[in-house]
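Enquirer: Can you look at this prediction? I've put the sequence above it.
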Amino acid sequence: MTEDATGEPQPSDDSETVEAQLPDGFEIPDDSEVKVEAVNPQGRSLWIPLPWIPVPTTARPTPPPTTRPPVTTTRPPVTTTRPPVTTTRPPVTTTRPPVTTTPPPVTTTPPPVTTTPPPLTATIAERSPQQGGPGSQVIASVLVTNTGATPIGVQTVVLTAPAGTRLLNGYLGTWREPDVEDNYPGTLSSDGTTSTCSGVPVNLDPGQWAVFYTAVIVDAGATPGPAPVTFAIGTPAFATGTGSVTVI
């Protein structure tokens with residue numbers, strides 16, 4: 001260190017000057033000092049305070065304002081050309097599955113055949129009447145002929161005696177060729193005038209005939225003259241006729 005003419009310490013010619021610029025608004029007080037470390041060959045160190053010498057501040061020039069050039073951005077025109085859309089639909093190939101139809105079996109049950117046979121027809125013709133007086137037994141008979149197209153089988157035969165006479169026992173007798181004779185009992189009414197003979201095998205094919213007969217009793221006081229006995233075949237009756245007796 002050296003002194004100037006005023007006696008102020010001045011740095012020697014071999015000293016270095018360090019300048020420091022403080023930020024705006026900061027300053028270093030006048031009593032501030034700087035310490036320097038001195039080291040001897042034995043490695044001992046000594047801190048030596050040095051006075052702070054303010055350095056005149058040189059005002060930095062204010063840079064001129066920066067004017068940024070206007071930014072002009074011209075976007076290039078956007079030209080978008082879409083490629084043509086070409087859609088080729090694949091060919092539609094539809095193969096229908098084969099239709100196999102097996103018709104169900106046709107089961108036809110024919111309706112029951114209802115056949116109505118032709119009606120039974122027969123004639124009952126009177127034969128020669130027998131004569132009898134009061135209290136006597138007389139036979140009344142008729143000739144039965146199948147005049148239809150259907151055989152006459154088992155039937156019910158009803159016998160009815162006229163006034164002045166009564167059925168003897170209600171039996172029905174039959175006779176047919178070749179000399180075949182049968183008798184069939186009947187249910188006799190309480191007054192003896194009616195007999196119902198059930199299950200009589202008439203058994204006449206178309207065109208065949210047979211003789212039917214029954215016995216009657218002539219009551220006392222009977223009126224003389226013909227007394228017709230009625231023969232009815234079938235339920236309901238399909239043939240009716242009379243075989244008379246003569247009251248004398």
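Expert: Structure received. Numbers count the residues shown, from 1 in each chain.
Enquirer: Spatially central, which residue of this structure would that be?
Expert: In the chain, the C-alpha nearest the mean C-alpha coordinate belongs to P104, at 19.5 Å (CA atoms, centre = their mean).
Enquirer: Next one: that residue from I48, what distance?
Expert: Distance, P104 to I48, by CB to CB, to the nearest Å: 131 Å. Using the backbone N, CA and C atoms, a C-beta is placed for each residue, glycine as well.
Enquirer: do P178 as well
Expert: Counting by CB to CB, the separation of P178 from I48 is 191 Å.
Enquirer: neighbour count winner among these two?
Expert: Comparing P178 with I48 by other CB atoms under 10 Å, the one with more neighbours is I48, at 10 against 4.
Enquirer: element containing the more buried one?
Expert: Secondary structure from DSSP states H and E places I48 in strand 45-51.
Enquirer: Next: L159.
Expert: Assessed by DSSP H and E, L159 sits inside strand 152-160.
Enquirer: mind listing what that strand pairs with, with the direction of each?
Expert: strand 194-204 (antiparallel), strand 225-233 (antiparallel) (DSSP bridges).
Enquirer: Buried residues in that strand, which are they?
Expert: Residues of strand 152-160 classed as buried: I152, Q155, T156, V157, V158, L159, T160 (neighbour count, 16 or more other CB atoms under 10 Å).
Enquirer: Just confirm V144 contacts Q208, I think it does.
Expert: No - if you go by CB atoms under 8 Å, V144 and Q208 don't touch, sitting 9.3 Å apart.
Enquirer: model confidence over stretch 43-62, on average?
Expert: In this model, stretch 43-62 has a mean pLDDT of 64.
Enquirer: An error on my part: the question was meant for stretch 94-113.
Expert: 76.
Enquirer: what's the answer for stretch 135-146, then?
Expert: 98.
Enquirer: OK, contacts around T160?
Expert: Listed by CB atoms under 8 Å, 6 or more residues apart in numbering, the contact set of T160 reads T193, T194, V229, T230, A232.
Enquirer: meant to ask about T214
Expert: Here T214 is in contact with I139, A140, L159, L167, L168, G170, Y171, L172, G173, S195, V229 (CB under 8 Å, 6+ apart).
Enquirer: Much appreciated, bye for now.
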